[in-house]
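> Okay, here's the prediction I keep looking at, along with the sequence it came from:
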Amino acid sequence: KGYDATTTREIAASAGCAEGLIHRYFNGKAGLLPALMEYRVSQEVADLAYHIRPARTFEDEYLQLVSWALEHMWKDREFLRVAIPRALLDPGFAQVLRQVGPLQRARAIGQRLKKFRECRDLPEAEFDALVQSVSVIGFMFGFMRPAVLRQDRKTSTRTASAIARLLVRSLSPEEVVVPPAQQAALLLS
């Protein structure tokens, strides 16, 4: 129904609690939405930290993180349909959204990526951009394309994976391919 059309009475009925509790603990809908945002992000970070095993290679880790972000954005699509318009209309909520969502998610993603040489060698600004790219790809192809623009989810996921592979490939050290004749010459010398 959206933020404005939903009453605290309806929220309380759905939650199975007294309406007064929403006002007492959250100061109404205005406090409930940021609390819900904080809860959802803490669940995401816990999921990332405890339920997704770290990969052995940078490429596998990055691709796994992008896949995770795609899935989380899709699962959160109904919440995002409420949160995004609210953030556009309410600067206070936008500030909470900015501080809670992207910052906590970026910290968790950054911790996972920092263990790889490809990431440690990057300047700080580029590392931050790489970390942010996980959420940007997740948001664009896990929420915007399928939920808002109605693009087929499989197509959207394939495109996101291709972008992620391109990014990873640009950061991975190039393998030097030595032709067989040169290999033999090197071995004989």
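Arrived safely. Numbering: from 1, shown residues only.

> what are the ranges of the strands in this protein?
Remark: no strands are assigned in the chain by DSSP state E.

> so where's it shaky on pLDDT?
173-189 (pLDDT under 70).

> ranges for the helices of it?
Taking DSSP state H, the helices of the chain run over residues 8-15, 19-26, 29-50, 58-75, 77-89, 91-113, 117-120, 124-139, 153-171, 180-188.

> Quick check: buried residues in the fifth one?
Under the neighbour-count criterion of 16 or more other Cβ atoms under 10 Å, helix 77-89 has 80, 82-83, 86-87 buried. Every C-beta, even on glycine, is put in place using the N, C-alpha and C of the backbone.

> likewise the third one?
For helix 29-50, the buried set under the neighbour-count rule, 16+ other Cβ under 10 Å, comprises 29, 32-34, 37-38, 40-41, 44-45, 48.

> what about it, distance to the chain center?
In terms of Cα atoms, centre = their mean, to the nearest Å, the gap separating the centre of helix 29-50 from the centre of its chain is 13 Å.

> do the first one as well
Helix 8-15 sits 29 Å away from the centroid of its parent chain (Cα atoms, centre = their mean).

> Just list what it packs against, helices and strands only.
helix 19-26, helix 29-50 (3 or more Cβ pairs under 8 Å, 6 or more residues apart in numbering; DSSP states H and E).

> Tell me which of those helices lies nearest to R112.
Of all those, it is helix 29-50 that lies closest to R112, at 7.3 Å by Cβ to Cβ.

> which residues are contacting the closest one?
Contacts with helix 29-50, where a contact means Cβ atoms under 8 Å, 6 or more residues apart in numbering, come from 3, 6, 8, 11, 22, 25-26, 65, 68, 72, 76, 79, 82-83, 86, 90, 92-93, 96-97, 100-101, 104-105, 107-109, 112.
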